[in-house]
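K.L.:
here is my input, please return the structure:
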Amino acid sequence: MNRILLSAALLLSGSALAQSIPLVSDALNYARTGTVAKDTRAVVYATVTLVSALPAQTADRTVVAYGSGPLNLGGAAGAPQLTGEFPVLWNTGKPFLNTGATLSLALNPDGSALVGLKLDGKNFLGRPPAPVKFTPAGEVLVATGINVGGFRTMTLTLNKGIWPPPGAQSAQPVQPAQPPKPTGVRVRVSSRLVVTNADDGFADNTLELYASIWTGSGDLRLANTSAGKGAQFAGETVIVDIPFASADARFLAVGGLVIDRDSASKDDLLWRHPGAKFDLLGAVQAKPQGPTSWTLPGDRSDESADLVITVEKVEDLY
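P.N.:
Residues are numbered from 1 along each chain as shown. Okay, the predicted model is just below:
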């Protein structure tokens, strides 16, 4: 289990430098080929499948929409893109329906993109194209989040072809492809210690905190740290990868002790837990669109403090 400490606020993030995805770079290079035969040119065909990411969806409505069409080489000098707009069919609970809708796509080498939905040539509900971040999953690109108006997984395949297409090639979208099944999930875990009562005696509302809190592979130690009611100690924010195949990786273990130490009197207990386990995987599966928080309360007798643990899904792992 990755480490989570309550000693300092620190976000572990990826490199600030955008990295090109080989699958996209290869498609861009092919699109630069230009003319491949008389009256034909190299073109990249995109196939997009939208699948509901909500667990309550019924099987026959899992695939929300799909479509395919050519992408052209675009973008500014030094910032190439694959851009295009093509028909998209919608699942209405019956056979897929052609509503006249089109999907616009502008894809960058690092997998970032702008995706928009149009109806009769106008932005649907007036909404402009929205940013989407694709990540590679084998031979496809995948993005899960608020995509085209709903919480969905968008799968994008890129295939090399020519334009105009051969006469035998249909202009209709190909059969939708189900996205690959994830092998795990990446979550973000944060924590904070909140002082809920600092009454330390007559006219004394300041505590001198000593703490030892363990969280699986790490701990928090505070020594003679002054704090009043409402004081918060933000914890380290960490990224945790949870493989579905590992039964133990889904749990976060927390325990420890927080006291107020006075030189003229006995120590006062604020918070103590011999050990608690939180199901990180179960939390993000039950609530994939937002954070879940747990509170480990203190003794709620005179001086007291609560420990709050928060987890939210970052992305699926493939």
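K.L.:
quick check, Pro109 in a strand?
P.N.:
No - counting by DSSP: H, G, I helix; E, B strand; the rest coil, Pro109 is located in no strand; its state is coil.
K.L.:
quick one: Val258 and Gly100, what's the gap?
P.N.:
62 Å (Cβ to Cβ, to the nearest Å). Using the backbone N, CA and C atoms, a C-beta is placed for each residue, glycine as well.
K.L.:
can you tell me the SS state at Lys266?
P.N.:
Under three-state DSSP, Lys266 comes out as coil.
K.L.:
go on, Pro274?
P.N.:
strand.
K.L.:
okay, now it: neighbour count?
P.N.:
7 (other Cβ atoms under 10 Å).
K.L.:
Val258 and Gly100: who's more crowded?
P.N.:
Neighbour count, other Cβ under 10 Å: between Val258 and Gly100, Val258 has more, with 27 against 11.
K.L.:
which residue packs closest to Glu85, ignoring adjacent ones?
P.N.:
The shortest distance from Glu85 to any non-neighbouring residue, by Cβ to Cβ, 6 or more residues apart in numbering, is to Ser104 (4.4 Å).
K.L.:
hmm, I typed the wrong one, I wanted Asn159.
P.N.:
Tyr45 (4.7 Å).
K.L.:
same thing with Leu82?
P.N.:
Leu71 (4.1 Å).
K.L.:
try Thr237
P.N.:
Closest to Thr237 by Cβ to Cβ, 6+ apart is Ser190, at 4.2 Å.
K.L.:
one step back: quick check: the residue nearest to Glu85 vs Leu158, distance?
P.N.:
16 Å.
K.L.:
for Pro136, same thing?
P.N.:
For Pro136 relative to Leu158 (Cβ to Cβ), the value is 11 Å.
K.L.:
ditto for Ala53
P.N.:
In terms of Cβ to Cβ, Ala53 sits 22 Å off from Leu158.
K.L.:
same check on Ser212?
P.N.:
53 Å.
K.L.:
who has more neighbours, the two?
P.N.:
Neighbour totals were compared for Ser212 and Leu158, and Leu158 leads with 21 against 14 (other Cβ under 10 Å).
K.L.:
got a pLDDT number for that one?
P.N.:
Looking at Leu158, its pLDDT reads 94.
K.L.:
may I have the beta-bridge partners of it?
P.N.:
Ala46 (DSSP bridges).
K.L.:
what does Asp260 give?
P.N.:
Here Asp260, judged by DSSP bridges, has bridge partners Leu209, Asp268.
K.L.:
what number of residues lie near the closest residue to Pro180 other than its chain neighbours?
P.N.:
Among residues not flanking Pro180 along the chain, Ala137 sits closest, at 5.0 Å (Cβ to Cβ, 6+ apart). A count of nearby residues for Ala137, using other Cβ under 10 Å, gives 19.
K.L.:
please tell me how far Ala137 sits from Trp271.
P.N.:
The value you get for Ala137 to Trp271, if Cβ to Cβ is used, is 42 Å.
K.L.:
again, but for Ser104
P.N.:
53 Å.
K.L.:
what's the weakest-modelled helix or strand in the protein?
P.N.:
strand 35-37 (a mean of 77; mean pLDDT, DSSP states H and E).
K.L.:
who does it pair with, and is each partner parallel or antiparallel?
P.N.:
By DSSP bridges, strand 35-37 pairs with strand 40-52 (antiparallel).
K.L.:
what is the rounded mean pLDDT of the strand it pairs with?
P.N.:
Strand 40-52 comes out at a mean pLDDT of 89.
K.L.:
pull out the buried positions in it.
P.N.:
41-52 (16 or more other Cβ atoms under 10 Å).
K.L.:
still on that earlier bit, looking at Ser104 and Trp271 now, which is surrounded by more residues?
P.N.:
Trp271 (25 against 18).
K.L.:
mind listing what the more buried one touches?
P.N.:
193, 211, 256-258, 296-299, 304-307 (Cβ atoms under 8 Å, 6 or more residues apart in numbering).
K.L.:
same question for Ala106.
P.N.:
74-75, 81-83, 113-114, 129.
K.L.:
so can I have CSV of those residues showing secondary structure and neighbour count?
P.N.:
Formatted as CSV, the contacts of Ala106 follow (DSSP: H, G, I helix; E, B strand; the rest coil; neighbours: other Cβ atoms under 10 Å):
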residue, secondary structure, neighbour count
Gly74, strand, 14
Gly75, strand, 15
Gln81, strand, 22
Leu82, strand, 25
Thr83, strand, 16
Ala113, strand, 24
Leu114, strand, 16
Pro129, coil, 17
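K.L.:
pLDDT and distance to Ser265 added to these, as a markdown table?
P.N.:
What follows is the contacts of Ala106, written out as a markdown table (pLDDT from 0 to 100; distance: Cβ to Cβ, whole Å):
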| residue | pLDDT | distance to Ser265 |
| --- | --- | --- |
| Gly74 | 88 | 73 |
| Gly75 | 86 | 70 |
| Gln81 | 95 | 69 |
| Leu82 | 95 | 71 |
| Thr83 | 95 | 72 |
| Ala113 | 96 | 63 |
| Leu114 | 95 | 63 |
| Pro129 | 94 | 65 |
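K.L.:
understood, closing this out.
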